[in-house]
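Student: sequence first, predicted model second:
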Amino acid sequence: MGDEDWDTEILKPHIPSFVPVFDKDTFSSGANGDAFNRATDSSEISDAPTRRDQFMRSGFASGRSLGNRDASDQSSKRENLSTMGGFGPGKGFGNRGFSSNKFEEGDSSGFWRESNDFEDNQTRSRGFARRGGYQDGNDSEASGSARRGGRGSFRGCRGGFGLTHNSESEREDGPQRPGGFFSSRRTGLVDPAGNGDNFRGRSVGGRGGYKGFNEEVVAGSGRSTWKSEAEGESGDFQGPKVTYIPPPPPENEEAIFAHYQTGINFDKYDTILVEVSGHDAPPAILTFEEADLCQTLNNNITKAGYTKLTPVQKYSIPIILAGRDLMACAQTGSGKTAAFLLPILAHMMRDGVTASRFKDQQEPECIIVAPTRELINQIFLEARKFSFGTCIRPVVIYGGTQLGHSIRQIMQGCNILCATPGRLMDIIGKEKIGLRQVRYLVLDEADRMLDMGFGPEMKKLISFPGMPPKDQRQTLMFSATFPEEIQRLAGEFLKTDYLFVAVGQVGGACSDVQQTVLQVGQYSKREKLVEILRNIGEERTMVFVETKKKADFIATFLCQEKISTTSIHGDREQREREQALGDFRCGKCPVLVATSVAARGLDIENVQHVINFDLPSTIDEYVHRIGRTGRCGNIGKAISFFDPEPDSHLAQPLVKVLSDAQQDVPAWLEEIAFSTYVPGFSGGTSRGNVFASVDTRKSYQGKSSMNIVGFSSAQAPNPVDDESWD
Ligand SMILES: Nc1ncnc2c1ncn2[C@@H]1O[C@H](COP(=O)(O)OP(=O)(O)OP(=O)(O)O)[C@@H](O)[C@H]1O
């Protein structure tokens with residue numbers, strides 16, 4: 001559900017929405033008579049066979065015959081979770097979270113009812129903001145600075161979410177902030193209640209917000225909302241300065257090389273089909289020894305616990321070592337980070353790259369960009385691990401931290417610069433780094449880095465004075481998803497003879513994740529969530545929601561239900577984000593409620609469950625989210641709440657993702673997919689987010705101009721030159 005809907009749901013005089021919906025249809029898997037009956041509606045019957053034929057031919061059906069299906073039977077198979085429990089009358093969060101004049105006790109569904117018929121957007125924003133944050137009762141009193149900041153973080157369970165902007169869905173870090181511009185700025189208003197607080201938007205610290213277990217809330221987020229971080233932190237924007245300095249990374253060897261075990265399915269990677277397309281691809285390697293890396297790198301690989309290459313590593317390492325540009329697509333958690341770091345480090349070692357602090361301007365040989373702060377930090381830690389004992393110095397810089405700190409880190413010597421786009425452009429603009437020596441440009445989560453959010457920033461980067469043109473640098477792109485239109489955009493960054501490696505189905509979900517889709521109406525979601533979490537117990541679980549305010553709200557709600565929960569989203573200060581992640585990683589808070597800011601790349605040990613409380617708007621995002629579990633051969637489980645109203649556009653791609661990953665497809669989901677079937681659909685959503693099954697160049701180039709080879713990664717043959725595309 002988009003943020004817009006969420007606001008509407010809460011704030012508009014929309015009485016029917018508040019009628020408790022407790023019949024079985026709303027939250028059972030497959031029992032939704034509505035969805036099923038739609039297809040048997042007389043008007044649908046006439047064209048049903050044709051459409052069904054098309055649907056089946058399109059490959060989206062899971063293999064069962066729609067005609068023979070017994071919906072209730074199918075649903076009961078999938079529905080093994082009790083619908084008992086949860087909370088009844090009087091336990092509605094609304095009563096506690098919104099007890100002042102705007103909200104009243106919810107109905108028996110636990111949802112809240114609106115008491116005012118109308119309120120303009122500003123008032124709405126303020127209404128949330130002034131309630132400020134929830135602080136768990138175990139926490140010490142919020143700091144004075146928090147209160148000074150007007151964020152309203154106070155002790156007790158008044159709860160709720162203090163975000164001041166509305167109609168803004170969660171976006172990730174970086175330059176797409178314009179989405180929050182107006183909503184945030186207008187909140188620089190005085191509290192009508194006369195308490196003297198300034199109701200400030202995210203950009204000036206007016207976040208309010210939930211305070212998780214033992215989390216410290218500090219004043220002055222200083223995160224620029226409406227400009228890029230670069231602008232915000234370079235002085236144009238008169239918000240509070242960002243003072244957060246992240247803790248230094250661990251120094252001791254044991255911590256640097258700490259890793260989790262590969263799972264029982266690690267060896268199954270060998271059976272995955274790999275396609276390499278493009279001319280003259282070097283042969284894959286089967287072992288680390290074949291990569292012929294230097295001794296220090298080999299030692300580090302051993303200390304990291306790597307004994308065997310994953311498929312994406314088998315193919316990418318020789319390609320990068322051969323100096324070729326690469327676009328690589330492989331399932332989540334399958335080792336893409338090492339696939340680019342190891343060969344880059346090998347080249348740098350070969351070239352005798354060493355860091356020097358005696359320079360006015362640092363000139364990194366490698367720049368790695370990723371869409372979120374936590375992800376780039378994780379990549380940095382991997383780079384630090386593999387470069388251990390060498391003279392190569394990786395540095396990480398990202399928004400939400402003190403700019404001076406980033407500059408100091410760089411000035412101590414920088415060979416591999418790991419950066420989020422906003423901070424990178426800021427530092428480049430300040431001439432703290434020069435781009436002349438860049439030999440490797442890596443876009444991790446490349447489809448995200450090239451989409452409308454970050455694409456313009458990336459274009460600026462490659463056209464920045466001093467940046468070597470594409471034929472004088474190596475450009476490497478990695479992701480688990482590569483929509484066709486993004487592949488086309490990527491051409492601008494890559495040499496024309498780049499190679500494309502596809503491990504398994506491009507855009508496919510990791511097959512080690514057991515996926516379950518439950519049909520749950522919006523008013524039943526919280527109850528279902530609590531029920532599932534109680535069954536799960538202490539196992540680490542990520543709960544994804546669609547908006548920042550909902551993340552706060554659900555985290556608060558779960559804390560009230562005595563489920564240790566923390567949250568991460570773009571409106572939390574960086575310090576809080578890192579603490580939340582730390583608490584989740586170490587198991588102190590086994591539940592992390594997150595927006596899509598945590599959907600990509602994060603590699604957290606032992607995440608056994610992902611719950612999509614809200615489904616994302618695109619199927620690619622779904623694939624990334626559920627990929628937080630089931631990593632590196634381990635098994636994971638993903639449960640998604642499918643609410644037919646906002647999610648029907650996802651039915652088709654969801655059926656495809658499920659069936660491609662050999663998962664059960666609920667009958668009701670097939671039915672919805674069938675009833676919303678779009679002829680010619682190739683696996684994406686109606687919003688233009690389309691799976692690519694292969695390298696998209698095949699659509700544009702003649703058979704003879706491109707080579708492709710498909711094989712299982714264990715065989716690893718040399719690419720066959722005259723293999724045709726089709
Ligand atoms: N060859 C290997 N042997 C053992 N462990 C490995 C190997 N390669 C990677 N790993 C580990 O697997 C985990 C997942 O790797 P990584 O984060 O690089 O996956 P990814 O493909 O980038 O995932 P995502 O698509 O979610 O970003 C990491 O903990 C990493 O250290």
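Tutor: Perfect, I can see it now.

Student: all helices for the stretch 351-500 of the chain, in order.
Tutor: In the stretch 351-500 of the chain, helices defined by DSSP state H, counting those that start in this stretch lie at 373-386, 403-411, 421-429, 446-450, 455-462, 484-490, listed in chain order.

Student: wait, which of the ones you listed is closest to the ligand?
Tutor: For these, proximity to the ligand was assessed by C-beta to the nearest ligand atom; helix 373-386 is nearest, at 6.9 Å. (C-beta placed from N, C-alpha, C; glycine too.)

Student: what's the angle from that closest one to helix 421-429?
Tutor: Counting by axes from the mean of the first three to the mean of the last three C-alpha atoms, to 10 degrees, helix 373-386 points 70 degrees away from the direction of helix 421-429.

Student: what helices or strands is helix 373-386 leaning on?
Tutor: In terms of contacts (3 or more C-beta pairs under 8 Å, 6 or more residues apart in numbering; DSSP states H and E), helix 373-386 is packed against helix 253-256, helix 295-303, helix 336-350, strand 366-369, strand 394-397, strand 416-419, helix 574-585.

Student: give me whichever of the helices of the stretch 351-500 of the chain is most buried.
Tutor: helix 446-450 (a mean of 27; mean count of other C-beta atoms under 10 Å).

Student: then that one to PDB, C-alphas only?
Tutor: What follows is helix 446-450 as a C-alpha-only set of coordinates in PDB (Å, rounded to 0.1, in the frame of the first residue of the first chain):
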ATOM      1  CA  ALA A 446      23.200  -1.700 -10.600                       C
ATOM      2  CA  ASP A 447      19.500  -1.600 -11.700                       C
ATOM      3  CA  ARG A 448      18.800   0.600  -8.700                       C
ATOM      4  CA  MET A 449      21.800   2.700  -9.300                       C
ATOM      5  CA  LEU A 450      20.600   3.400 -12.900                       C
END
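
Student: which residues does that helix contact?
Tutor: 172, 327, 369-371, 421, 443, 454-455, 458, 477-479, 481-483, 486, 489-490, 493, 600, 620 (C-beta atoms under 8 Å, 6 or more residues apart in numbering).

Student: low-confidence stretches in the stretch 351-500 of the chain?
Tutor: The stretch 351-500 of the chain contains no residues with pLDDT under 70.

Student: residues in it within reach of the ligand, list them.
Tutor: Contacts of the stretch 351-500 of the chain with the ligand, taken as C-beta under 6 Å from any ligand atom, map to residue 480.

Student: so which residue of the stretch 351-500 of the chain comes closest to the ligand?
Tutor: Closest point on the stretch 351-500 of the chain to the ligand, by C-beta to the nearest ligand atom, is residue 480, at 4.3 Å.

Student: check contacts around that residue.
Tutor: 329, 330, 331, 332, 336, 507, 510, 623, 624, 627.

Student: was I right about the first one contacting residue 507?
Tutor: Looking back up the chat, that one is residue 329. Yes: using C-beta atoms under 8 Å, residue 329 is in contact with residue 507, at 7.5 Å.

Student: give me the number of residues near residue 277?
Tutor: 25 (other C-beta atoms under 10 Å).

Student: I'd say it and residue 506 touch.
Tutor: No: counting by C-beta under 8 Å, residue 506 is not a contact partner of residue 277; they are 11.1 Å apart.

Student: let's verify residue 506: helix, strand, or coil?
Tutor: coil (DSSP: H, G, I helix; E, B strand; the rest coil).

Student: that one: how many residues sit nearby?
Tutor: 25.

Student: go ahead and confirm it touches residue 484.
Tutor: No: with contact defined as C-beta under 8 Å, residue 506 does not reach residue 484; the gap is 9.3 Å.

Student: any chance of the helices and strands packed on helix 373-386 in a markdown table, plus distance to residue 433?
Tutor: Below are the helices and strands packed on helix 373-386 laid out as a markdown table (distance: least, C-beta to C-beta, whole Å):
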| stretch | distance to residue 433 |
| --- | --- |
| helix 253-256 | 25 |
| helix 295-303 | 25 |
| helix 336-350 | 16 |
| strand 366-369 | 9 |
| strand 394-397 | 9 |
| strand 416-419 | 7 |
| helix 574-585 | 21 |
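
Student: okay, the ones you listed in a markdown table with mean neighbour count next?
Tutor: Converted to a markdown table, these look like this (neighbours: other C-beta atoms under 10 Å):
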| stretch | mean neighbour count |
| --- | --- |
| helix 253-256 | 12 |
| helix 295-303 | 16 |
| helix 336-350 | 23 |
| strand 366-369 | 26 |
| strand 394-397 | 26 |
| strand 416-419 | 29 |
| helix 574-585 | 22 |
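
Student: nearest to residue 523, out of those?
Tutor: Distance to residue 523, taken as C-beta to C-beta, is lowest for helix 574-585 among these, at 27.4 Å.

Student: angle of the closest one against helix 373-386?
Tutor: 70 degrees.

Student: helix 574-585 close to the ligand?
Tutor: No: residues of helix 574-585 are not located near the ligand by C-beta under 6 Å from any ligand atom, the shortest gap being 12.2 Å.

Student: ok, now stretch 265-274?
Tutor: No: taking C-beta under 6 Å from any ligand atom as the criterion, stretch 265-274 and the ligand are apart, separated by no less than 7.1 Å.

Student: start to end distance for that stretch?
Tutor: Start-to-end span of stretch 265-274 (C-alpha to C-alpha, to the nearest Å) is 17 Å.

Student: buried stuff in it?
Tutor: For stretch 265-274, the neighbour count (16 or more other C-beta atoms under 10 Å) marks 266, 269, 270, 272, 274 as buried.

Student: same check on stretch 555-566?
Tutor: Those would be 555, 556, 557, 558, 559, 560, 561, 563, 564, 565, 566, for stretch 555-566 by 16+ other C-beta under 10 Å.

Student: could those residues go into CSV alongside secondary structure, pLDDT and distance to residue 301?
Tutor: CSV is the format used below for those (DSSP: H, G, I helix; E, B strand; the rest coil; pLDDT from 0 to 100; distance: C-beta to C-beta, whole Å):
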residue, secondary structure, pLDDT, distance to residue 301
555, helix, 98, 38
556, helix, 98, 44
557, helix, 98, 44
558, helix, 98, 40
559, helix, 97, 42
560, helix, 97, 46
561, coil, 97, 44
563, coil, 98, 39
564, coil, 97, 36
565, strand, 98, 37
566, strand, 98, 33
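
Student: wait, which of those is closest to residue 386?
Tutor: For the buried residues of stretch 555-566, the nearest to residue 386 is residue 566 (29.9 Å; C-beta to C-beta).

Student: does the closest one touch residue 592 like I think?
Tutor: Yes: the pair residue 566 / residue 592 is scored as a contact, 5.8 Å apart, by C-beta under 8 Å.

Student: and the contacts of stretch 461-476?
Tutor: Taking C-beta under 8 Å, 6+ apart as the rule, stretch 461-476 contacts 320, 323-326, 328, 340, 367, 369, 421, 424-425, 428, 434-436, 438-443, 492-495, 498.

Student: one more: stretch 256-274?
Tutor: By C-beta under 8 Å, 6+ apart, stretch 256-274 touches 249-250, 284, 300, 303-305, 308, 310-311, 314-315, 331, 334, 381, 384-385, 388, 501-504, 511-512, 605-606, 631-635, 710-714.

Student: now the end-to-end length of that stretch.
Tutor: Start-to-end span of stretch 256-274 (C-alpha to C-alpha) is 32 Å.

Student: also stretch 589-604?
Tutor: Between the opening and closing residues of stretch 589-604 there is a gap of 13 Å (C-alpha to C-alpha).

Student: check stretch 276-295 too.
Tutor: The first-to-last residue distance of stretch 276-295 comes to 29 Å (C-alpha to C-alpha).

Student: same check on stretch 540-557?
Tutor: Stretch 540-557 end-to-end distance (C-alpha to C-alpha) = 18 Å.

Student: try stretch 456-474
Tutor: 20 Å.

Student: try stretch 285-292
Tutor: Distance between the two ends of stretch 285-292: 10 Å, counting by C-alpha to C-alpha.

Student: please apply the same query to stretch 356-369.
Tutor: Span of stretch 356-369 from end to end, C-alpha to C-alpha: 22 Å.
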